[in-house]
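> Let's see this in three dimensions:
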Amino acid sequence: MKYLQELSNCQLCEHRCGVNRLEGEVGVCRMTLPMIASATLHPAPPQSYTIFMAGCNFKCLNCQNWSISQYPDNGMAVRGMENPENLAKESIYHLRSHIGQLMRADRIFFSGGEPTIHLPYIEKIVDAARKIQPSLKVNFDTNGFMTEESLNRVLELTTSITFDIKAYDDEVHRALTGAQVYPVLRNAAYIGKNAKDKLWEYRILVIPNMNERDVRPLSNFIASIDPSLRVCFLAFRPNFVMEQHPGATGALMQRCVDIAESEGLTNVYWSGRVGLRGSISAAATKLSRSYQNVEARHLATYALKAGCGTHPRDCKTCKTNQKCPIKRYTPRIST
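The predicted structure is shown next:
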């Protein structure tokens, strides 16, 4: 498997762990060989045959795909490492199937988890699939925490990109994900300026009382790149470590759209299930020295209660990142 050779010194994402995944060493994502969690025809736009990759370089407290993203520590089952040529044939078969045609599925959609950490494997799948169907479209769903080199490779293989931005404030982003925000904003700006035709949309999850204040600066940031760039605000649903936190309301989501439009964005909407009940956790006073931002402090309280003892959160430098309690957390409810 020569195409996986760069995993012997993995530098695919901005953690730049440099571990030899081929020899069983693991970095922040805790992944060795690429693993397929599941693959299925999927109706969500863009309609596709979606391949969910196991593992992630973030440890988001709110993750709705936690059973996939926090593999292997959560013990959930996956399909495993599969021959990329066979997976390419499987994908084309389902796209051409009667159901696939009725659904108007027209591309392979790589999601997760975070597909960037398996980029050489994905490139091999796409190459094999385009030998069968040269005009094949490909979507890449990402949290944006990739190196500039990886971003250029993603842009070369994709037709469309769905790009998640978790927060604008660095403290909030760290508290929520365990990673700094700068690479995400850098890559978001690069795509908006240099690959607008490949951007399906930016997706901004809105968490009540946690990243609401980031809506305006994020909207201004995107509008400064190009006011016509498409933005979707996603309504938070209680999930994973934040399983008891209240969901977003319809009024909040509409307010986000109004703010975005007031900042100059012209192609913005919101989506998702709203009105799910919950309660907001009180901020731990012991974290007041770790976070100046009160929203970041609230978010970090969820991490603290789940066992995270490193604050401010920084999964790359955390001494317990190989035995992370967040990755082993199992929620009682799922929405």
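
> the helices in the stretch 51-200 of the chain, which residues?
For the stretch 51-200 of the chain, applying DSSP state H, counting those that start in this stretch gives helices covering 66-69, 84-96, 98-103, 119-132, 148-157, 170-177, 182-194.

> what mean pLDDT does the longest one have?
Summarised as a single mean, pLDDT over helix 119-132 is 98.

> which phi and psi does the nearest residue to Tyr269 once chain neighbours are set aside have?
Excluding the flanking residues, the one nearest Tyr269 by CB to CB, 6 or more residues apart in numbering is Cys232, at 6.0 Å. Glycine gets a C-beta too; all of them are placed from N, C-alpha and C. Cys232 adopts backbone torsions of phi -120, psi 120, taken as degrees, to the nearest 10.

> In contact with Cys232, which residues are there?
Residues counted as contacts of Cys232 (CB atoms under 8 Å, 6 or more residues apart in numbering) are Glu201, Tyr202, Arg203, Ile204, Val268, Tyr269, Trp270, Ser271.

> okay if I get those residues as a markdown table plus neighbour count and secondary structure?
A markdown table is the format used below for the contacts of Cys232 (neighbours: other CB atoms under 10 Å; DSSP: H, G, I helix; E, B strand; the rest coil):
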| residue | neighbour count | secondary structure |
| --- | --- | --- |
| Glu201 | 20 | strand |
| Tyr202 | 25 | strand |
| Arg203 | 18 | strand |
| Ile204 | 25 | strand |
| Val268 | 24 | strand |
| Tyr269 | 13 | strand |
| Trp270 | 21 | strand |
| Ser271 | 14 | strand |
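
> any chance of the residues you listed in TSV, with pLDDT and distance to Phe240 too?
Conversion of the contacts of Cys232 to TSV gives the following (pLDDT from 0 to 100; distance: CB to CB, whole Å):
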residue	pLDDT	distance to Phe240
Glu201	98	23
Tyr202	98	22
Arg203	98	17
Ile204	98	18
Val268	98	27
Tyr269	98	25
Trp270	98	21
Ser271	97	20
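
> Closest to Ala167 out of those residues?
For the contacts of Cys232, the minimum distance to Ala167 (CB to CB) is 8.7 Å, reached by Ile204.

> Distance check, that closest one against Val294.
For Ile204, the distance to Val294 (CB to CB, to the nearest Å) stands at 20 Å.

> Output the contacts of Cys232 in JSON lines, with distance to Pro246 appended to each entry.
Below are the contacts of Cys232 laid out as JSON lines (distance: CB to CB, whole Å):
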{"residue": "Glu201", "distance to Pro246": "25"}
{"residue": "Tyr202", "distance to Pro246": "24"}
{"residue": "Arg203", "distance to Pro246": "20"}
{"residue": "Ile204", "distance to Pro246": "18"}
{"residue": "Val268", "distance to Pro246": "23"}
{"residue": "Tyr269", "distance to Pro246": "22"}
{"residue": "Trp270", "distance to Pro246": "17"}
{"residue": "Ser271", "distance to Pro246": "18"}
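
> quick one: which of the residues you listed is nearest Ser290?
Using CB to CB, the contacts of Cys232 come closest to Ser290 at Ile204, 25.0 Å.

> Tell me who's in contact with that closest one.
Here Ile204 is in contact with Asp164, Ile165, Lys166, Val215, Leu218, Val231, Cys232, Phe233, Leu234, Cys256 (CB under 8 Å, 6+ apart).

> Please report how far it lies from Asn143.
12 Å.

> joint contacts of these two?
Common neighbours of Ile204 and Asn143 (CB under 8 Å, 6+ apart) are Asp164, Lys166.

> Centre-most residue in this protein?
Computing the C-alpha centroid of the chain and ranking residues by CA atoms, centre = their mean puts Asn143 first, at 3.6 Å.

> Could you pull up phi and psi at it?
Taking degrees, to the nearest 10 as the convention, Asn143 sits at phi -90, psi 0.

> Next one, pLDDT for it please.
98.

> just checking, it touches Phe58?
Yes - Asn143 is within contact range of Phe58, at 5.6 Å (criterion: CB atoms under 8 Å).

> Which neighbours do these two have in common?
Glu114, Lys166, Thr177.
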